[in-house]
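>>> starting from these lines, generate the structure:
(one chain, ligands or ions: 1)
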Amino acid sequence: MPVSRVDQFVRQLDDAGISFERDAMLSRLTTIGLGGPAEVLARPRSRSEVATVVSVAATLDLPVRVLGAGSNLLVSDAGVAGVVLHTGGLDDVRIEENGAVDAGAGCHFPSLVKKTVASGLRGLEGGVGIPGTLGGVLTMNAGAYLFSVGPLVEEVVAVSAEHGLVTMPRESIDFRYRRSSFGHDLIVASARLSLRPDVPATLRAEMDAHMQTRKLTQPVGVKSAGCIFKNPEGSSAGRLIDELGLKGMRVGGARVSEVHANFIVHDGSANASEVLALIDSLRERVFGETHVELETEVMTWN
Ligand code: EPU
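Next comes the predicted model:
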């Protein structure tokens, strides 16, 4: 019997001592708690293991998708073929006294924020409510209120199939609204940030205030995938949907949040198809009534 490419892939991962799981349910690895299995979930624990996963997959012509905290992601109910590279094992953090922070792509961002604040370092406190990983925050150029990660970056170590591990200084990285130089063919493995010393109590108070604002304006602690649509230029997707009276609109178990209209939430009873159908309905309603074409911010995998 011929050996499939996925069989060859996992055999090579096994030989390299890299951990993996076959038919791994992605619903437990996304904040919205939905989605089918990944054909193979690779769990590299170091930058060189990331490079190995990427190069072996490229040799076998298998697609690679990167999964961090799964906080801005909607996976179809059928799941995905090929390789999902989970960055959870890349969670090392080293904080130096001069304010330099070296951290792996898989660090949970709110935890990294709390660690740097506790160490008396200013820079990340405004991002405490972003429920992603450092790699996700860099790739999506995630932001919150006035917080933006780009100006704090000193360099990023990334992996591409073509070049393996590459070190990129900030000047060579393009940060734009909700996107950056990183993505499918350039995967963040780790980053070095440059923060400034400040008084821990002051930073903690600012961090708590940011979290409080977030809790008042966004659905926190319920299953969601973050903002569904990008903001159209000069406008807010949430406000547009809200003004059309669509808060609470449902498809099956999926509904538009009553707290912030750019979030779709559910109580555990939805599936991914219902969320996707609700996204389509919202897009159609907004276009029909305002002629604004909403573009999704949430990543969809199918
Ligand atoms: N608004 C409404 N109704 C709503 C939601 C918002 O009228 O249901 C109004 C607000 O009152 C405000 C305006 O719309 O006047 C903008 O709202 P908000 O300050 O909540 O910001 P946003 O533009 O909706 C963006 C980001 C969020 C980020 C917040 C805070 C995008 C798509 N969204 O939201 O990012 O947390 O600003 O900085 O860029 C994400 O990307 O996943 C995300 C949550």
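
>>> the spatially closest residue to residue 14 that is not a sequence neighbour: neighbour count?
Nearest residue to residue 14 in three dimensions, chain neighbours excluded: residue 20, at 7.8 Å (Cβ to Cβ, 6 or more residues apart in numbering). C-betas here are computed from N, CA, C, even on glycine. As a burial measure, residue 20 scores 20 neighbours (other Cβ atoms under 10 Å).

>>> please renumber the chain so that the first residue is 463 from this point on.
Will do, 463 is the new start, and the previous item becomes residue 482.

>>> so who does residue 714 touch?
731, 732, 733, 736, 739 (Cβ atoms under 8 Å, 6 or more residues apart in numbering).

>>> now those: which count as buried?
732, 733, 736 (16 or more other Cβ atoms under 10 Å).

>>> the first one reaches residue 497, doesn't it?
It refers to residue 732. No - using Cβ atoms under 8 Å, residue 732 is not in contact with residue 497; the gap is 11.3 Å.

>>> among the contacts of residue 714, which lie within strands?
Residues of these located in strands (DSSP state E): none.

>>> and residue 668, what element?
helix 662-679 (DSSP states H and E).

>>> is whichever helix or strand comes after that helix anywhere near the ligand?
As assigned by DSSP H and E, the chain's next helix or strand after helix 662-679 is strand 685-686. No - using Cβ under 6 Å from any ligand atom, strand 685-686 stays clear of the ligand, coming no nearer than 9.0 Å.

>>> what pLDDT, on average, does strand 685-686 get?
Across strand 685-686, the average pLDDT comes to 96.

>>> helices or strands up against it?
Applying 3 or more Cβ pairs under 8 Å, 6 or more residues apart in numbering; DSSP states H and E, one finds that strand 685-686 makes contact with strand 726-728.

>>> retrieve the pLDDT associated with the residue nearest to residue 666 when sequence neighbours are not counted.
With Cβ to Cβ, 6+ apart as the criterion, residue 666 has its nearest non-adjacent residue at 5.7 Å, and that residue is residue 579. According to the prediction, residue 579 has pLDDT 98.

>>> got a list of what residue 579 touches?
Contacts of residue 579 by Cβ under 8 Å, 6+ apart are 586, 587, 662, 665, 666, 669.

>>> try residue 629
Taking Cβ under 8 Å, 6+ apart, one finds 617, 618, 619 in contact with residue 629.

>>> among those, find me the one that's closest to the ligand.
Nearest to the ligand out of these is residue 618 (Cβ to the nearest ligand atom; 20.3 Å).

>>> how far away is that closest one from residue 523?
27 Å (Cβ to Cβ, to the nearest Å).

>>> would you turn the buried ones among the contacts of residue 714 into TSV with distance to residue 509 and pLDDT?
Formatted as TSV, these follow (distance: Cβ to Cβ, whole Å; pLDDT from 0 to 100):
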residue	distance to residue 509	pLDDT
732	37	97
733	36	97
736	38	98
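
>>> just these that are near the ligand?
Okay, of the buried ones among the contacts of residue 714, nothing touches the ligand (Cβ under 6 Å from any ligand atom).

>>> from the residues you listed, pick the one nearest the ligand.
residue 732 (18.4 Å).

>>> backbone dihedrals for the residue nearest to that closest one when sequence neighbours are not counted, please?
Distance criterion Cβ to Cβ, 6+ apart; nearest residue to residue 732, sequence neighbours excluded, is residue 715 at 3.4 Å. Backbone geometry at residue 715, expressed as degrees, to the nearest 10, gives phi -90, psi 0.

>>> my read: residue 715 touches residue 731, true?
Yes - using Cβ under 8 Å, residue 715 is in contact with residue 731, at 3.4 Å.

>>> who touches the lowest-mean-pLDDT helix or strand in the chain?
Lowest by mean pLDDT, DSSP states H and E among the helices and strands of the chain is strand 605-606, with a mean of 89. For strand 605-606, the external contacting residues (Cβ under 8 Å, 6+ apart) are 588, 589, 591, 592, 611, 640, 672, 676.

>>> got those as JSON lines, with neighbour count and secondary structure columns?
Formatted as JSON lines, the contacts of strand 605-606 follow (neighbours: other Cβ atoms under 10 Å; DSSP: H, G, I helix; E, B strand; the rest coil):
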{"residue": "588", "neighbour count": "21", "secondary structure": "helix"}
{"residue": "589", "neighbour count": "23", "secondary structure": "helix"}
{"residue": "591", "neighbour count": "21", "secondary structure": "coil"}
{"residue": "592", "neighbour count": "25", "secondary structure": "coil"}
{"residue": "611", "neighbour count": "23", "secondary structure": "coil"}
{"residue": "640", "neighbour count": "16", "secondary structure": "coil"}
{"residue": "672", "neighbour count": "21", "secondary structure": "helix"}
{"residue": "676", "neighbour count": "18", "secondary structure": "helix"}
